[in-house]
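K.L.:
can't give you the sequence, but here's the structure:
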């Protein structure tokens, strides 16, 4: 999983990250990814879950995870959990 920040100016003023999910298996797979948005003290203040279904082998999906916290708040996104099913 890779996270890429989205500028507030292009996300409607919301904190957002593009989550890059690549299927590195030999068969179709589905993924769920939990993104925690932490404040500057390291406390999780918001969580988003994104995913993709039936992703073909070797293919990549790029869902966007949004936080509901105000854009004026400094947040650090991180992958808290990822599951292939």
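P.N.:
Good, I have the coordinates. Predicted model only: the values in this text are computed from it and were never measured.
K.L.:
burial of residue 67, as a residue count?
P.N.:
Residues near residue 67, counting by other Cβ atoms under 10 Å, number 21. Where C-beta positions appear, they are placed from N, C-alpha and C, glycine not excepted.
K.L.:
wait, isn't it in contact with residue 12?
P.N.:
No: under the criterion of Cβ atoms under 8 Å, residue 67 makes no contact with residue 12, lying 11.8 Å away.
K.L.:
please tell me how far the residue lying farthest from the centre of the chain sits from residue 58.
P.N.:
Ranking residues of the chain by C-alpha distance from their mean position (Cα atoms, centre = their mean) puts residue 26 at the top, at 23.4 Å. The gap separating residue 26 from residue 58 is 9 Å, by Cβ to Cβ, to the nearest Å.
K.L.:
where along the chain do the strands fall?
P.N.:
2-6, 16-22, 29-38, 44-55, 60-61, 64-66, 76-84 (DSSP state E).
K.L.:
any chance of those in TSV, plus mean pLDDT and mean neighbour count?
P.N.:
Shown next, in TSV, are the strands of the chain (pLDDT from 0 to 100; neighbours: other Cβ atoms under 10 Å):
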stretch	mean pLDDT	mean neighbour count
strand 2-6	97	14
strand 16-22	98	19
strand 29-38	98	19
strand 44-55	98	16
strand 60-61	98	15
strand 64-66	98	18
strand 76-84	97	14
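K.L.:
got a list of what residue 62 touches?
P.N.:
The contact partners of residue 62, by Cβ atoms under 8 Å, 6 or more residues apart in numbering, come to 18, 19, 20, 21.
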